[in-house]
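Novice: need a structure here:
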Amino acid sequence: MEELYQELRKQEGFSTILTVDKKYCPLTGKDAEQVEDLYLNHGIFDVSKGIIEGDQILVTSGPLKGQEGLIKKIDRHKRLAYLEFHMFDQVIKGSVGLEIVEKHPGNENG
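Specialist: Have a look, this model is predicted:
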């Protein structure tokens, strides 16, 4: 697999490769940037940390920082964020680590 990856890296316009349903999909442009923002090392995503303010999630560190719009649901007990984003003209769903370190109630006065 590493040899294939190195050969593909030599191709003009190639940025990264993603495996979707056991098929290899080369990524370029915006798709590559979105995946590379989350990607850490050989398919492992680092765990992000965040806080909940009322009904809003604010990611304070990790690859999800600034990507809060991708989060559709969280499971605080499993420390997972469930994501949805558009790629290859379809909706891609996945989960990555998210530890909520603080929770603050919402502003009930307005």
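Novice: For residue 83, list the residues it contacts.
Specialist: Contacts for residue 83 (C-beta atoms under 8 Å, 6 or more residues apart in numbering) come out as 70-72, 93-96. C-beta: built from backbone N, CA, C; applies to glycine.
Novice: Over to it: give its phi and psi.
Specialist: phi -110, psi 150 (degrees, to the nearest 10).
Novice: could you measure it against residue 106, distance?
Specialist: Remark: distance between residue 83 and residue 106 (C-beta to C-beta, to the nearest Å) = 23 Å.
Novice: if I pick the spatially closest residue to residue 101 that is not a sequence neighbour, what's in contact with it?
Specialist: Distances taken as C-beta to C-beta, 6 or more residues apart in numbering place residue 49 nearest to residue 101, at 5.4 Å, with adjacent residues excluded. Listed by C-beta under 8 Å, 6+ apart, the contact partners of residue 49 are 59-62, 98-101.
Novice: State the number of residues packed around residue 61.
Specialist: Residue 61 has 13 neighbours, counted by other C-beta atoms under 10 Å.
Novice: what's across from it in the sheet?
Specialist: For residue 61, the beta-bridge partners under DSSP bridges are residue 49.
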